[in-house]
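# need a 3D model of the sequence below.
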Amino acid sequence: MTDRRCAWARNASEAMTAYHDTEWGRPSRDDSHLFEMLVLEGAQAGLSWATVLNKRENYRALLDGFDYTRIAAYGAEREKELLAEPGIIRNRLKVASLARNARAFLEVREEYGTFATYLWSWTEDAPLVNHFTEPAQVPASTPLSDRVSRDLKKRGFSFVGTTIVYSYLQSAGVVDDHLVGCPAKPVGHAGSPAAPPA
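Numbering: from 1, shown residues only. Below you'll find the model as predicted:
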């Protein structure tokens, strides 16, 4: 299977391979997972995904299992403690965004019932399936990620620029960018019609 995976997952670490094979591009409607990926994608800004993935369990341990309700209550003292932790990315703005994003996440849940309902409403509750054959064809952002990014910012989220949001949509399976022929492409996606214009 290895030689047919998406290029970024070939000859990669065990964690990266597992992430590619079992999570990336697979539709998620679990708010806990969606918040976790929001945290991790924001942490990635300016860094490699491998760096963040290697710190994933440290984040889980330090952030109350990515419990957005608890994180929303973090104050200045907790942020100071997190900035002293070598197991996560100690960027002051990224750490400050944790509680802010958790509070915004809760507000979206209050409005929509679940964050998943909000997120999937952008694609009428169906994944957008692309059929790229080369890594260079996969975009860094799209008109859809532009729109979602603008809306998230209006709602008070930070570290949600269009490139981060597009990575987030991929991680949540809202967008399926597994290359044609990749064995990890979710069942049924290989034959799905091409995604409509975003």
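
# which residues of the protein fall in helices?
14-22, 31-44, 49-54, 56-62, 68-71, 76-83, 92-112, 115-121, 143-154, 162-171 (DSSP state H).

# and the residue nearest the centre of the chain, what is it in contact with?
Closest to where the C-alpha atoms of the chain average out (CA atoms, centre = their mean) is residue 168, at 3.0 Å. With contacts defined as CB atoms under 8 Å, 6 or more residues apart in numbering, the neighbours of residue 168 are 37-38, 41, 160. Every residue, glycine included, has its C-beta placed from N, CA and C.

# could you dump these to CSV with pLDDT, neighbour count and distance to residue 30?
Shown next, in CSV, are the contacts of residue 168 (pLDDT from 0 to 100; neighbours: other CB atoms under 10 Å; distance: CB to CB, whole Å):
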residue, pLDDT, neighbour count, distance to residue 30
37, 98, 22, 10
38, 98, 29, 12
41, 97, 23, 16
160, 97, 25, 19
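
# can you redo those as CSV, where the extra columns are distance to residue 4?
Conversion of the contacts of residue 168 to CSV gives the following (distance: CB to CB, whole Å):
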residue, distance to residue 4
37, 25
38, 30
41, 26
160, 33
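
# need the per-residue pLDDT for the residue nearest to the centre of the chain.
The model reports residue 168 with a pLDDT of 98.

# same thing with residue 11?
Looking at residue 11, its pLDDT is 87.

# state the phi and psi torsions of it.
Per-residue torsions, residue 11: phi 50, psi 40 (degrees, to the nearest 10).

# from residue 50, how far out is it?
Per CB to CB, to the nearest Å, residue 11 is found 12 Å from residue 50.

# who has more neighbours out of those two?
Regarding residue 11 and residue 50, a neighbour count based on other CB atoms under 10 Å identifies residue 50 as having more, with 15 against 11.

# for the more buried one, which non-adjacent residue is closest in space?
Nearest non-adjacent residue to residue 50, counting by CB to CB, 6 or more residues apart in numbering: residue 16, 5.9 Å away.

# for residue 28, same thing?
In space, and not counting its chain neighbours, residue 28 is closest to residue 172: 5.0 Å by CB to CB, 6+ apart.

# touching, the one you found and residue 30? I think so.
No. Residue 172 is beyond contact range of residue 30, at 9.5 Å (criterion: CB atoms under 8 Å).
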